[in-house]
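Enquirer: Sequence and predicted structure, then a few things I'm wondering about:
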Amino acid sequence: HSVVRNALFCLETALQHKAKHVYTQALLAYAFGLAGKEEQRKALLGSLQQEAVSKDGSVHWQRPGKEPGAAVASSEQRAASAEVEMTAYVLLAQLSSRPAPSQEELALAAAIAKWILSQQNPRGGFSSTQ
C-alpha cells in the first residue's frame, strides 16, 4: 500500500537524522519490527541497549535528563508513565524479531517484563494508559 510505503519512508528518513530521544527510538524500533525491517530494528535496539538501566535482574529505560540509575525507592512510588510506555515499546520491539526472537532476545525480554511487572499498582494497573 502506498500509504504504508510512504509512512515507512518517513520513518526511515527520521532514522537517518539520528533520532536521539529514547522514546522516539523505542517507537521506531517497534514500528520497524512490525514492518519486518530487521536491520533498522536491530540497530535501534542496539542503541537503546546503551541507554538501558539494569538493576536486580530487571531492565528499563528512563527519560533523558533523569539521573542514570535512579531507582524507585519503595513500592509506593512508581516510574512515570512515559518510562513505563517506552520500556513496553522496547519489549514489543524485542519480541517482534522475525522469524522468531533468539534466546538472547528472549532473556532480555524477560528482564524487561520483570521491571514492567514491578510497576503495577495494587489493583494490577499501571501509571500509563498506553
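Expert: Great, that's in hand.

Enquirer: what's the closest non-adjacent residue to the most centrally placed residue in the chain?
Expert: Residue closest to the mean C-alpha point of the chain, counted by CA atoms, centre = their mean, is Val90 at 1.9 Å. Residue nearest to Val90 in three dimensions, not counting chain neighbours: Ala26, with 4.8 Å by CB to CB, 6 or more residues apart in numbering. Where you see a C-beta, it was placed from the backbone N, CA and C, and this is true even at glycine.

Enquirer: what number of residues lie near that neighbour?
Expert: 24 (other CB atoms under 10 Å).

Enquirer: which residues touch it?
Expert: 44, 48, 61, 86-87, 89-90, 93 (CB atoms under 8 Å, 6 or more residues apart in numbering).

Enquirer: same check, this time on Ala110
Expert: Ala110 sits next to no residue when contact means CB under 8 Å, 6+ apart.

Enquirer: host element of it?
Expert: helix 103-118 (DSSP states H and E).

Enquirer: Helix or strand next in line after the host helix or strand of Tyr30, which one?
Expert: Of the helices and strands defined by DSSP H and E, Tyr30 is found in helix 22-34. Later in the chain than helix 22-34, the nearest helix or strand by DSSP H and E is helix 38-51.

Enquirer: Pull out the buried positions in that next one.
Expert: The neighbour-count check on helix 38-51 (16 or more other CB atoms under 10 Å) flags 40-45, 47-48, 51 as buried.

Enquirer: closest to His21 among those residues?
Expert: Ranked by distance to His21 (CB to CB), the buried residues of helix 38-51 are led by Glu51 at 10.1 Å.

Enquirer: where are the low-confidence patches of this protein?
Expert: Residue ranges of the chain with pLDDT under 70: 19, 66-77, 128-130.

Enquirer: Run a quick neighbour tally on Ala100.
Expert: If we define neighbours as other CB under 10 Å, then Ala100 has 8 of them.

Enquirer: Good, we can wrap up now.
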